[in-house]
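Trainee: what's the 3D shape of this:
(one chain, ligands or ions: 1)
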Amino acid sequence: MRYHTRKIVKPEDLNPNETLFGGRLLEWIDEEAALYAVIQLENKRVVTKYMSEINFVSSAVQGDIVEIGMDVVKFGNSSLILKCEVRNKLTRKTIIKVENITMVNLNAEGRPSPHGKTKIEYVKDRLSQN
Ligand SMILES: CC(=O)SCCNC(=O)CCNC(=O)[C@H](O)C(C)(C)COP(=O)(O)OP(=O)(O)OC[C@H]1O[C@@H](n2cnc3c(N)ncnc32)[C@H](O)[C@@H]1OP(=O)(O)O
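Mentor: Below you'll find the predicted structure:
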């Protein structure tokens, strides 16, 4: 799993228990999954179709630095199935795991469309091929 984005937990990210609000964490995960899928599929028209059971393993508090990891579970026909782990950057303690985030590649009409991808690609390799 590669950890791409880091976030610092700010006062506005806290719930009444003064730990990281679950909804904020899910927002960060959804954005990260969308970014990951847009880059992998080379298409901005990608939407979240499905997110599996989420498991809040531990919490984070104000000032914690968290990092968001993504990995590919499967390249489907129009779908890209991802899994995600968010952990504390400094202690490596897991905060949340999501085993299946299904993103769907759309065409200009907003319908599912084959993306033609079969493996993870890196932007630097794409650029060196030009
Ligand atoms: C980044 C964001 O937050 S986006 C905003 C939130 N998301 C949305 O608004 C999406 C709203 N949903 C939709 O527009 C539609 O459901 C669509 C276009 C995504 C999919 O439409 P469907 O008619 O279900 O498409 P279809 O049945 O052809 O399936 C498309 C793919 O999704 C997969 N899929 C469909 N339903 C599910 C499901 N419940 N769980 C997991 N995968 C699913 C299919 O297996 C298929 O994958 P494949 O092509 O790799 O085999």
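
Trainee: contacts and neighbour counts: CA atoms only from here.
Mentor: Will do.

Trainee: checking the residue nearest to the spatial centre of the chain next. Helix, strand or coil?
Mentor: Nearest to the mean C-alpha position of the chain, by Cα atoms, centre = their mean, lies residue 33 at 2.9 Å. Under DSSP: H, G, I helix; E, B strand; the rest coil, the three-state class of residue 33 is helix.

Trainee: right, and it touches residue 82 too?
Mentor: Yes - contact status for residue 33 versus residue 82: in contact at 7.4 Å, counting by Cα atoms under 8 Å.

Trainee: tell me which stretches of the chain form helices.
Mentor: Taking DSSP state H as the test, the helices found in the chain are 22-41, 123-128.

Trainee: next one: the shortest one to chain centre, how far?
Mentor: In this case it means helix 123-128. Distance of helix 123-128 from the chain centroid (Cα atoms, centre = their mean, to the nearest Å) equals 22 Å.
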